[in-house]
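1. below is the structure, and that's it, no one-letter string:
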């Protein structure tokens, strides 16, 4: 059975799962006043391809057991960037190099920061 968590609850659950998998540089942005694409973006770094995959696998598994709708997955750990689209929340899991290159925080600088965990 699918249950739609409120966007805020879902984004915070994503942050908690990322922190539990030892992701670094976690950032949640409130996108509601900036774009219609999603309510929240959540970004983090994985120190290796293995950790990026572990973070994305854990997000998909744990949130599925909570009844969230089917997520869309783009990218691979080997590419250094995995995007998971939960509809109202879009997750970006980066290698530090890819995150520095794409600089999404700069692109969406007008979005208020909800959570920042270094």
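-> Cool, the structure landed. On a predicted model such as this, the values are computed, not experimentally measured, just so you know. Numbering: from 1, shown residues only.
2. from residue 41, how far out is the closest residue to residue 55 other than its chain neighbours?
-> Excluding its sequence neighbours, the residue lying closest to residue 55 (C-beta to C-beta, 6 or more residues apart in numbering) is residue 21, at 4.7 Å. Quick note: C-beta positions are derived from backbone N, CA and C, even for glycine. Distance, residue 21 to residue 41, using C-beta to C-beta, to the nearest Å: 18 Å.
3. so where's the longest helix in this structure?
-> Ranked by residue count, the top helix of the chain under DSSP state H comes out as helix 49-65.
4. which strands and helices sit next to the helix or strand of the chain with the lowest mean pLDDT?
-> The weakest-scoring helix or strand in the chain, judged by mean pLDDT, DSSP states H and E, is helix 104-107 (a mean of 92). Where contact means 3 or more C-beta pairs under 8 Å, 6 or more residues apart in numbering; DSSP states H and E, helix 104-107 is packed against strand 40-45.
5. packing partners of the strand it packs on?
-> The contact analysis (3+ C-beta pairs under 8 Å, 6+ apart) places strand 40-45 against helix 7-20, strand 24-30, strand 89-94, helix 96-102, helix 104-107.
6. compute the inter-axis angle for the longest one and strand 89-94.
-> Counting by axes from the mean of the first three to the mean of the last three C-alpha atoms, to 10 degrees, helix 7-20 points 20 degrees away from the direction of strand 89-94.
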